[in-house]
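J.: Coordinates for the following, if possible.
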Amino acid sequence: MKTKIVYLVALLCALTFSTSAFADAETGFYEKDHIRGFISIGGDYRGMLDAFQKYVNSTAFWNDGHELKANDSATTTEHFSGTFSYPQFDDWYIGLHVNIGAQYKQFLTWFNINFMPTQISEKSSDTYTVTSDGGNSAKMPLFDVKWFTYGADWMFGWKLFGENTFINLIPSVGFGFNLINFHMASIFDIKDQSSSNVVKMRDRYYSTMALSLAAELEFRLEFGPFGIGIYGGYRYIDYNELEVEGKRLTNYAYDTDNCGDTWFVGLRLTWTFMSDWERKQADKL
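T.: Numbers count the residues shown, from 1 in each chain. Next up is the predicted model:
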């Protein structure tokens, strides 16, 4: 809850700054008819840090067993556990993004909406066998294990070699939020260590959100309004603990520093629209 409040405060600050900047436009802070909108699409290779890969595999394949009725009793509950086999997730994935923003002379600002195809580790069977300390056994369902992320960053960049040069370098930094989503292997039961209260995991995705900080450098070639760029950078993410049915999913394989850091390199295509000033100049010709 505290983290969500931080996100809201950051967003309000950003909106306040943006509103103030546009208010100054009317007093001549900048020439608003020189602003150019742009849109871009891109794809990149994202390398996960070892800690991120460990976090994903530890969470996605979490297995703390099941609280089930004993075979010979209608009232007695026993803890059942078992093992299953899934391919582990790799330490990289393909990322995709759409950028929507504005350029004023050499300054650029945009929203980077990023997402990825769902990563799937397929089940080897429909069920697996679990046994209790008392020797009872049962069959529990298995599902494909899945995970994916999506998010948005508010980025700020600067064209180092000028506003309309053929070759340009564009460093940028930004902040935003990111969500990671998991679908686990079975209908596990989560039990408090300090009580007998048990909640049952469902056949669905569970998500957690985190603040993201990003930095990147793009090398761009511009052919009039069309640009093609190669970019690389780093995105810092520290995920909150995953909550399942109102309870935190605790795993001693990692602590509350749930690393989601990635480095990335990719290709981006950009289309920059004409400003009002450019349209007026074109009409005069």
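J.: Could you give the number of residues near D44?
T.: 24 (other C-beta atoms under 10 Å). Using the backbone N, CA and C atoms, a C-beta is placed for each residue, glycine as well.
J.: which residues touch it?
T.: Neighbouring residues of D44 by C-beta atoms under 8 Å, 6 or more residues apart in numbering: 94-97, 231, 264-267.
J.: Looks to me like it is in a helix.
T.: No. Counting by DSSP: H, G, I helix; E, B strand; the rest coil, D44 is not part of a helix but strand.
J.: confidence score at it?
T.: Note for D44: predicted pLDDT of 97.
J.: So the residue nearest to it when sequence neighbours are not counted: helix, strand or coil?
T.: In space, and not counting its chain neighbours, D44 is closest to G266: 2.5 Å by C-beta to C-beta, 6 or more residues apart in numbering. Under three-state DSSP, G266 falls in the strand class.
J.: Can you verify my assumption that G266 contacts G229?
T.: No. Using C-beta atoms under 8 Å, G266 is not in contact with G229, being 9.2 Å away.
J.: isn't there a helix covering N57?
T.: Yes. Per three-state DSSP, N57 lies within a helix segment.
J.: Residue ranges in the stretch 151-285 of the chain under the pLDDT threshold?
T.: Along the stretch 151-285 of the chain, the model assigns pLDDT under 70 to residues 192-196, 250-257, 285.
J.: hang on, the earlier thing: ChimeraX command for the buried members of the contacts of D44?
T.: The ChimeraX selection below is limited to those of the contacts of D44 classed as buried (16 or more other C-beta atoms under 10 Å):
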select :95,97,231,264,266
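J.: re earlier: quick one: the residue nearest to D44 from F273, how far?
T.: 23 Å (C-beta to C-beta, to the nearest Å).
J.: do you know how far G233 is from S85?
T.: Distance from G233 to S85, by C-beta to C-beta: 36 Å.
J.: So for these two, which residue has more residues nearby?
T.: Taking other C-beta under 10 Å, G233 and S85 do not tie; G233 has more neighbours (20 against 9).
J.: ok, now which ones touch the more buried one?
T.: By C-beta under 8 Å, 6+ apart, the contact set of G233 is 214-217, 263-264.
J.: Of the residues you listed, which belong to helices?
T.: Using DSSP state H, no member of the contacts of G233 falls in helices.
J.: Just name the closest of those to I167, please.
T.: L217 (13.7 Å; C-beta to C-beta).
J.: so the closest one sits right up against N168, yeah?
T.: No. Applying C-beta under 8 Å, one finds L217 not in contact with N168, separated by 11.0 Å.
J.: For these two, indicate the residue with more neighbours.
T.: Remark: of L217 and N168, N168 carries more neighbours, 20 against 15, as counted by other C-beta under 10 Å.
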